[in-house]
Structure formats: structure tokens, C-alpha cells
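Asker: what follows is a predicted protein model with its sequence.
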Amino acid sequence: MPPPLKRGLDAIEKGEAIGPKTQRERDWLAALKEFYKDYDKVDQEHAHAELREGMERLAAKYPDTSRRNLPRLALTRRSTTSLWNRS
């Protein structure tokens, strides 16, 4: 079985291949992909910062999105650390 971060990247790429129907969906996939795209090359601190910045951009672009609905992954350092340590 591939590592969790590889599975995450695969899921995002599958979503891109399906073809997001709205700009909002494309923006979400792009923001999440920033975290997963170089999972095997980039340290987790950098990846976490990229994800957090992407989530902040989404929150600014789509103010109707509640912070509760942003992935917990982007909001806590511990969750990204645990993902990296599972690989």
C-alpha cells in the first residue's frame, strides 16, 4: 500500500482528471495539491506552510466558507506531523 501522502496526491490527481465542475472545486484541489505534490522531497514544515497558505487564500476568496469547513489538516501542526511520520 502506498504511503498516506502518496494516496492523498493520487486522490487529488483523480479529482483533477474527473474534471472539477466549478472554479471553487478547482481552487480546493489546487490548494490541497500544494501540500501533497512533493511529499517525498519537501520537509513537512514547508508542506504544512504551503497548505496553510492555500487554506488562507481559499478562506479569503470564498468568505462564505466557514473555518470549521476548512480541513483540520491545514489548521493543526500535529496532524501534518503524524501524516509525515506514517510514510
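Answerer: Sure, I can see it. Numbers count the residues shown, from 1 in each chain.

Asker: contacts and neighbour counts: CA atoms only from here.
Answerer: Fine.

Asker: the residue nearest to the spatial centre of the chain is in what secondary structure piece?
Answerer: What sits nearest the mean C-alpha location of the chain, by CA atoms, centre = their mean, is L32, with 2.4 Å. Element membership for L32, per DSSP states H and E: helix 23-36.

Asker: buried residues of that helix, list them for me.
Answerer: By 16 or more other CA atoms under 10 Å, the buried positions in helix 23-36 come out as 27-36.

Asker: now those in CSV, please, with extra columns for pLDDT and distance to P4.
Answerer: Listed next are the buried residues of helix 23-36 as CSV, based on pLDDT from 0 to 100; distance: CA to CA, whole Å:
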residue, pLDDT, distance to P4
D27, 92, 22
W28, 88, 19
L29, 90, 17
A30, 91, 18
A31, 87, 18
L32, 87, 14
K33, 89, 14
E34, 85, 15
F35, 84, 12
Y36, 86, 10
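
Asker: helix, strand or coil: sort out K21 for me.
Answerer: At K21, secondary structure determined by DSSP: H, G, I helix; E, B strand; the rest coil is coil.

Asker: how deep is it tucked in, by neighbour count?
Answerer: 9 (other CA atoms under 10 Å).

Asker: no further questions, thank you.
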